[in-house]
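K.L.:
I'd like to go over a predicted model; first the sequence, then the structure.
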Amino acid sequence: MNNPQWIIDLFASIDAMDTSKFVSFMTEDAVFTFGNAPASQGKKAIFDGVDGFFKSIASIKHHDLQTIGTGDYIVVRGNSTYTRHSGSVMTVGFCNVFEMENNLIKNYRIYIDLSQLYAE
């Protein structure tokens, strides 16, 4: 499956660190789980957590995206490159699983190991 335009737009919002645009892809009661962090529920909680994360890094860039899925379940895998405030860079693989409802993300899970992101 090619990457649908909404997937391209979603990852563009993340790479732009545009938190408002990012949460616009989710239902009001969405659940967001990032790595091994506790899940956030609802757009406000997701906004606060993601906005804090964006402020903790200098930039992020997603690449090599591959999308697969049927019906209400979509999986996107790829690589993400993080630039720390120190200027150092780290690239890791990720896998996102989306449970959809009415063309919005109801459950957003990111499987990633960021254990080295803040280890400098």
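P.N.:
Looks like it came in fine.
K.L.:
which residue ranges form the strands in this structure?
P.N.:
Using DSSP state E, the strands of the chain run over 26-34, 40-41, 59-70, 73-83, 89-101, 104-112.
K.L.:
quick one: least confident helix or strand in the chain?
P.N.:
strand 59-70 (a mean of 94; mean pLDDT, DSSP states H and E).
K.L.:
Tell me the buried residues in that one?
P.N.:
For strand 59-70, burial by neighbour count (16 or more other CB atoms under 10 Å) applies to I60, H62, L65, T67. Any C-beta I mention is one placed from the backbone N, CA and C, and that applies to glycine too.
K.L.:
can you pull the buried residues of the longest helix anywhere in the chain?
P.N.:
Longest helix in the chain by number of residues, with DSSP state H as the criterion: helix 43-55. Across helix 43-55, burial judged by 16+ other CB under 10 Å covers K43, I46, F47, G49, V50, D51, F53, F54.
K.L.:
Could you do stretch 3-17 as well?
P.N.:
Buried positions in stretch 3-17, judged by neighbour count with 16+ other CB under 10 Å: I7, L10, F11, S13, I14, M17.
K.L.:
quick one: which two of those are the most distant?
P.N.:
Pairwise distances across those (CB to CB) peak at 17.6 Å, for the pair I7 and M17.
K.L.:
re the thing from before, would you mind pulling the contact partners of the longest helix of the chain?
P.N.:
Contacts with helix 43-55, where a contact means CB atoms under 8 Å, 6 or more residues apart in numbering, come from 17, 19-20, 22-23, 26, 28, 30, 32, 34, 37, 40, 60.
K.L.:
Looking at the residues you listed, which one is closest to N103?
P.N.:
Using CB to CB, those come closest to N103 at M26, 11.0 Å.
K.L.:
Might one say that that closest one is in contact with L104?
P.N.:
Yes. In this structure, M26 is within contact of L104 by CB atoms under 8 Å, at 5.8 Å.
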